[in-house]
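**Q** Mind looking at a prediction? Sequence and model below.
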Amino acid sequence: MKAIRILSVLPVIAFLLALTSCGGKEEVYYPKPRGFYRIELPKQSFRDFDSTYPFSCRIPQYAYIQPIESPESGGIWFNLVFPGFDGMINFSYKPVNGNLYELSEDAREFVNKHITKANNIEERLIHFPNKKVYGISYQIEGANTASPYQFFVTDSTHHYLRGALYFNHVPNNDSIAPLIERIVSDLDTMISSFQWKN
């Protein structure tokens, strides 16, 4: 009789346990934080670049020169392509013929187009008088700036070269900060190794 009574109470206890364990608080969902892909950077190494262009310099081993047909007489356009980074630096070379002020103001105008998206624009003087290499570099900080780094170099009498860094995707510079940092470091090496040919 006692065993029958215990067996009849067991379903009631199981039902009450199930009821109390299911009721009450709802489970709170916490979304995972947004993640970015892991960036593997190659070892930094350089090679000499010397061609028919009126200058020579050192460029990264993991980049290549892509010539572009220039729409201007006497001008030279080319890209320094970083295939592993999905980015490139657009270069335009122009001879100086009493137009240095206009050329340097054009470079400043290109930088100023980024003001609305930039948090800060750091301007740095490029000055290698022993090689007659002068100019200005612009580090453009901000998550949505299309070109995070631009510069120009000149000998102030014959040569002028402007460069601008771009990536082949919608700007999100916070997520690719290591790439930008590496390319800026590569460009610093390139600029410091710059030599005009005449």
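**A** Received the coordinates, thanks.
**Q** Following element in sequence after the lowest-mean-pLDDT helix or strand in the chain, please.
**A** Within the chain, no helix or strand scores below helix 2-22, which has a mean of 67 by mean pLDDT, DSSP states H and E. Counting by DSSP states H and E, the next helix or strand C-terminal to helix 2-22 is strand 46-50.
**Q** so what does that next one touch, helix or strand wise?
**A** The helices and strands touching strand 46-50, judged by 3 or more C-beta pairs under 8 Å, 6 or more residues apart in numbering; DSSP states H and E, are strand 55-60. From N, CA and C alone the C-beta is placed, and that goes for glycine too.
**Q** Strands along the protein, start to end?
**A** Here the chain has its strands, by DSSP state E, at 46-50, 55-60, 64-68, 76-82, 87-95, 120-128, 133-141, 149-154, 159-167, 195-196.
**Q** hey, which of the ones you listed is tucked in deepest?
**A** Compared across the strands of the chain, strand 149-154 shows the largest average neighbour count, a mean of 23 (mean count of other C-beta atoms under 10 Å).
**Q** roughly how far out does that one sit from the chain middle?
**A** Here strand 149-154 shows a centroid-to-chain-centroid distance of 16 Å under the convention C-alpha atoms, centre = their mean, to the nearest Å.
**Q** and that strand, what's its mean pLDDT?
**A** Across strand 149-154, pLDDT averages out at 96.
**Q** Can I get it in CSV, CA atoms only?
**A** Provided in CSV are the C-alpha atoms of strand 149-154 (Å, rounded to 0.1, in the frame of the first residue of the first chain):
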residue,chain,number,x,y,z
TYR,A,149,47.7,58.7,-46.4
GLN,A,150,48.8,61.1,-49.1
PHE,A,151,52.1,62.9,-49.9
PHE,A,152,54.1,64.8,-52.5
VAL,A,153,57.8,65.1,-53.1
THR,A,154,59.7,67.6,-55.3
